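In: Got a sequence here, can you model it:
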Amino acid sequence: MINSIKEAFAPIVPIAVLVVILHFLTGFMQPGYMAYWLIGAFLAGTGLLFFLRGVDLCLIPMGELIGTRFLFMPGMLVLCIVVFFVGFLACAADPCVAVLNGVVKDVTGEGSGPPALVVMIFVMSGIGLLLLASILRIVWNIHPALMLGGLVGLALTLAVISELVGAGTFVPLSLDSGGVATGPLTVPFFLAIGLGFVSNMAGRSATTDGFGLLGIVAWGPILGVLILGLAWGTGEAASEKTINVSELQCEEVGCRLPGGNVGDSRLESEETLLDEDSSAEYRTQPPGGRLPTFSQTLRDFASIGGTSIGVLKGLVPLLLIGWFVGVVPSKVPSEYKVRLLKGALWSLLGLIIFLQAVNVGFAPVATQLGGTLAGIWSGWALVPAGLLLGLSVGLAEPSVHVLCKQVEEVTDGAIPGRLLLILMASGVALAGAIGMTKLVLGLSILWIVIPGYIVIVALSCVCSKMFASIAYDASTVVTGPVLVAFLMIVVANAAEPLGRNPLLDGFGFVAIVAMVPILVVMTMGAFIEIRERTKKRLIDETLMRR
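Out: Next up, the predicted model:
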């Protein structure tokens, strides 16, 4: 139980403490919002604790059962259909999709771009198709680096073409949308599916063939949004709209912002789009200028009706298809089914608490922090803040520690886990600073991701199959719920005060951070591979001399 609490609160506590320190240094929080932040941080950790309990009891065992049943599908066509819909529904159930859906609604608007429903269908279809591609890769024994290199090349080519034809508005959003495939629900679920599939397939190894699935799936929404952008194009109105991420999150799940209700917040949102001068004030104050009282704070957190409905709509379809595809055909004992149902309830409760904490506690504070930092030193205060926030994520994220331990085990101690952790945290901190620098200078995201992925593809040609797969999966370890729920909101809301386009310049932060683990693990893998080849050559030369 203690380990579970540490895992849940480890990514929350450093961010919570750092934000409190930043508040004492800059005074960015309006009166009354410290209570929202502290209560929100506690509830976010509690929600993650409950959700991770549900993951262990339900989602991981159900994913393994689904992966096992893939081997017994009556024909390739049925397999393809089932795998696609499992990926599609898993994406729909992930809480990160609520944020992305709200952003798309505001960006596209009326007649200025594709409807949000169309964009979401492309995102979820991309995940479903690439989950299918990752399963077929295992069946046909395709080298993961070959498939991932092709996906990277295709995505970057489409991104460059989008810029050339005037559809570049979709590029940063598409690159960040890969975080949808690395949410708190999809990561363990897809990993369990891959493990269940590989473990029961003759001639395949969970160590060498089980990795790479997440790395492949993460490119699904990226390609989906890029293809949609090229097919649809962008209007000038779409690039001129502003994005209020905290408002979008609350509108999506029906929660209340401090001191107001859903209806009030939507009216306020419409007014701020019409009145440019009032938008900055609205971001840092509740509707009507009312300061929140402690009793109002508790009522806001307790208003979980809209959040509950949103979670049920997303998670129940996934649980149903998992039950009928994986559990029922497997004929598991009744006790096992009861255990799965208990886990499902824990998952539902955890997601509701976590999302409510993010919507009511995290989003308003992140909005205020982004706007305040953008006004200090002409926005350059964002760079050291990004460095510190990235370092805290890199050191505290439990998935990073799991990855470091995993690499140390598969290399028999040749790469110490502590050394890899230091490199990983330093890399994430540097990526945070680079992401903020991109925002301040208004640089195109392509100037960063294209050289980065060229190096990654080159390193993948040197690394072993196992290291290449681990490296691409490693991009998911830092793009956890804290990064998406807080840091992305900070960056998006810092764009407009700097005079930047929130859509073009406020996105791309997640994509930059996601590259760091790939580069670090690939570099270490290349080092091991070159050292082993050198050692083997020296041994061969010694034997030949004898």
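In: Distance of the residue lying closest to S444 once chain neighbours are set aside relative to L226?
Out: In space, S444 comes closest to E163 once its chain neighbours are excluded; the distance is 7.3 Å by CB to CB, 6 or more residues apart in numbering. Backbone N, C-alpha and C define where each C-beta goes, glycine included. Distance of E163 to L226, given as CB to CB, to the nearest Å: 11 Å.
In: so how far is stretch 151-160 from its chain's centroid?
Out: The chain centre lies 20 Å from the centre of stretch 151-160; the measure is CA atoms, centre = their mean, to the nearest Å.
In: for the most centrally placed residue in the chain, what are its contacts?
Out: What sits nearest the mean C-alpha location of the chain, by CA atoms, centre = their mean, is G179, with 3.0 Å. Listed by CB atoms under 8 Å, 6 or more residues apart in numbering, the contact set of G179 reads C96, A218, T479, L483, V484, M488, V510, A514.
In: Out of those, flag the one nearest to V17.
Out: L483 (16.6 Å; CB to CB).
In: ok, how many other residues are close to that closest one?
Out: 24 (other CB atoms under 10 Å).
In: Using the three-state scheme, assign L503.
Out: coil (DSSP: H, G, I helix; E, B strand; the rest coil).
In: is it true that it touches G168?
Out: No: if you go by CB atoms under 8 Å, L503 and G168 don't touch, sitting 10.0 Å apart.
In: Compare these two (neighbour count), which wins?
Out: Using other CB under 10 Å, the more surrounded residue of L503 and G168 is L503, with 25 against 21.
In: Tell me how far the more buried one lies from D176.
Out: 11 Å.
In: Going along the chain, name the helices of the stretch 401-546 of the chain.
Out: 417-441, 446-460, 465-474, 481-482, 488-495, 509-545 (DSSP state H, counting those that start in this stretch).
In: Now mean neighbour count too, for the ones you listed, in a markdown table please.
Out: Below are these laid out as a markdown table (neighbours: other CB atoms under 10 Å):
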| stretch | mean neighbour count |
| --- | --- |
| helix 417-441 | 21 |
| helix 446-460 | 18 |
| helix 465-474 | 26 |
| helix 481-482 | 26 |
| helix 488-495 | 28 |
| helix 509-545 | 18 |
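In: thought I39 was touching F301?
Out: Yes: look at I39 against F301 with CB under 8 Å: they come within range, at 6.1 Å.
In: quick one on the thing from earlier: identify whichever of the helices of the stretch 401-546 of the chain lies nearest to P31.
Out: It's helix 488-495; of the helices of the stretch 401-546 of the chain, that one is closest to P31 (CB to CB) at 19.6 Å.
In: how big is the angle separating that closest one from helix 509-545?
Out: 120 degrees (axes from the mean of the first three to the mean of the last three CA atoms, to 10 degrees).
In: Helix 488-495: how far from the chain's middle?
Out: From the chain centre to the centre of helix 488-495 is a distance of 16 Å (CA atoms, centre = their mean).
In: and the one helix or strand I161 maps to, average pLDDT?
Out: Per DSSP states H and E, I161 falls inside helix 144-164. The average pLDDT for helix 144-164 rounds to 86.
In: next helix or strand past it?
Out: Following helix 144-164 in sequence order, the next helix or strand is helix 170-177 (DSSP H and E).
In: for the next helix-or-strand element following that next one, which positions count as buried?
Out: As assigned by DSSP H and E, the chain's next helix or strand after helix 170-177 is helix 186-199. Of all the residues in helix 186-199, those buried under the rule 16 or more other CB atoms under 10 Å are 186-198.
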